[in-house]
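> Attaching a predicted model along with its sequence, questions to come.
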Amino acid sequence: MSQAYADVSRMFGDIVKVTPTSKVVGDMAIFMVANDLSRADVLDPEREVAFPESVVSLFKGELGFPPDGFPENLSRKVLKCDSAAPILPIPPRPYRPGDTLAAVDLDDARRDAEKVAGHHISDTDLASYLMYPKVFRDYAEHHRHYGDVSVLPTAAFFYGMAERDEIAVDLDPGKTLVIRMQGTAPAEEDGLVKVFFELNGQARTMRVEKAGAVKAARRQQAEVGNPAHVPAPMPGMIVTVAVKSGQTVKAGDPLVSIEAMKMESQIRAERDGTVRAVHVRSGDTIAAHDLLIELTPAG
């Protein structure tokens, strides 16, 4: 990996490597290692290379240009320029990325960004949205799910907490959460673990997705209070499905059998009706409140 990074740096004209140019060099180095490409392979004019998007952006000048420009042959290959066609723009002709940007209505852009973020945004947020719209959307989605994770210590955010670790999280002036990790244990559901910890001295437990676990797609949930929905009363495995779509059932007729904790339970129709849809089959693993059967009540 180190050799690939050095090779990319030389191929790019030994550019100054600061954020974000250092990331682009890293992207290309990872791409070469992942695809078993040598420096000669990349420079070979007869070999097709699907350069990473960040590399194309760099050679387009979207991050600016080094004083002496980029190596011409590599520029033509990255930008897919015909050998007889000029590379535009040709450094070191004066050029700023902003020179080619389309005009933007900042008020409209702010409204769009606030829809994405779900709240009023600052001028700094607006600038981030205009320059890096995809990154801003990803950040907004992450913030919506997990809140402001910037208050977490860096090591805890990147690597998690080990048993007996303790951290302090400053939410506001004078408001600090002291979190102490106690341990973990497997949860009942696949792909989850139970996490035991103390929050300001109080014992807490929660279920957390296990990193790298392959988890089945979440099933549709039954609507609470909807008489047409038959929910799973507990997590378990479907043993038998006794009905099919379009079938007429009477109150008390068996619908589905579920095995949980080595015990089998049978779910029966609570009222007369017709089966509109069956959402499970034998062998399926289900969670509590998953939608099993949809019924159309009689009358």
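Everything's here; your move.
> contacting residues around R268?
Applying CB atoms under 8 Å, 6 or more residues apart in numbering to R268 gives the contacts 251-255. Where C-beta positions appear, they are placed from N, C-alpha and C, glycine not excepted.
> let's see 6 Å
For R268, the contacting residues are 252, 254, by CB atoms under 6 Å, 6 or more residues apart in numbering.
> So it versus T240, what's the distance?
Per CB to CB, to the nearest Å, R268 is found 13 Å from T240.
> How about G64?
66 Å.
> ok, residues contacting stretch 161-179?
For stretch 161-179, contacts defined as CB under 6 Å, 6+ apart pick out 151, 153, 156, 180-181, 183, 199-200.
> what pLDDT does E294 get?
Note on E294: pLDDT of 94.
> right, I mislabeled it, should have said F136
93.
> which other helices and strands contact the strand or helix carrying it?
F136 belongs to helix 133-146 when assigned by DSSP states H and E. Under the contact definition 3 or more CB pairs under 6 Å, 6 or more residues apart in numbering; DSSP states H and E, helix 133-146 sits against helix 106-117.
> quick check: angle from the helix or strand just after the helix it packs on to helix 106-117?
Downstream of helix 106-117, the first helix or strand assigned by DSSP H and E is helix 123-131. Using axes from the mean of the first three to the mean of the last three CA atoms, to 10 degrees, the inter-axis angle of helix 123-131 relative to helix 106-117 is 90 degrees.
> which residues touch helix 123-131?
With CB under 6 Å, 6+ apart, helix 123-131 has contacts from 110, 113, 136.
> Next, count neighbours for the first one.
Other residues near R110 come to 17 when the count uses other CB atoms under 10 Å.
> And for the last one?
Burial of F136, expressed as a neighbour count using other CB under 10 Å, amounts to 20.
> which residues in this structure form helices?
For the chain, the helices defined by DSSP state H cover 2-11, 21-34, 39-43, 53-60, 72-78, 106-117, 123-131, 133-146, 154-159.
> Tell me which of these approaches G236 most closely.
Comparing these by their distance to G236 (CB to CB), the top pick is helix 133-146, with 28.0 Å.
> what's that closest one in contact with?
Outside of helix 133-146, the residues that reach it under the criterion CB under 6 Å, 6+ apart are 116-117, 128-129.
> Most neighbours of all the residues you listed, which one?
Y129 (22 neighbours).
> per-residue confidence at that one?
We have a pLDDT of 94 for Y129.
> Quick check, pLDDT for T248.
On the pLDDT scale, T248 gets 93.
> Tell me how many other residues surround the residue lying closest to it once chain neighbours are set aside.
Computed as CB to CB, 6 or more residues apart in numbering, the closest residue to T248 that is not its neighbour in sequence is T274, at 5.3 Å. T274: 15 surrounding residues under other CB under 10 Å.
> quick one, domains of this protein?
Domain assignment of the chain by automatic domain parsing yields the ranges 2-99, 106-146, 154-209, 229-297.
> re earlier: relative to S282, which of the helices of the chain is closest?
Taking these one by one with CB to CB, helix 133-146 is closest: 34.3 Å.
> still on that earlier bit, determine which two of the contacts of stretch 161-179 are furthest apart.
Comparing all pairs in those by CB to CB, the longest separation belongs to V151 and G183, at 23.9 Å.
> Turn the helices of the chain into JSON lines, columns for distance to E166.
Formatted as JSON lines, these follow (distance: least, CB to CB, whole Å):
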{"stretch": "helix 2-11", "distance to E166": "36"}
{"stretch": "helix 21-34", "distance to E166": "33"}
{"stretch": "helix 39-43", "distance to E166": "48"}
{"stretch": "helix 53-60", "distance to E166": "39"}
{"stretch": "helix 72-78", "distance to E166": "49"}
{"stretch": "helix 106-117", "distance to E166": "33"}
{"stretch": "helix 123-131", "distance to E166": "33"}
{"stretch": "helix 133-146", "distance to E166": "21"}
{"stretch": "helix 154-159", "distance to E166": "10"}
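> residue ranges for the strands of the stretch 151-299 of the chain, please.
Under the criterion DSSP state E, counting those that start in this stretch, the stretch 151-299 of the chain contains strands at 166-172, 175-186, 192-199, 202-209, 229-231, 236-241, 248-249, 254-260, 263-268, 273-278, 285-286, 291-297.
> Tell me which of these sits nearest to G160.
Among those, strand 175-186 sits nearest to G160 (CB to CB), with 8.6 Å.
> Can you list the strands that that closest one pairs with?
strand 166-172 (antiparallel), strand 192-199 (antiparallel) (DSSP bridges).
> What residues of the last one count as buried?
If I follow you right, that is strand 192-199. Residues of strand 192-199 classed as buried: 192-193, 195, 197 (neighbour count, 16 or more other CB atoms under 10 Å).
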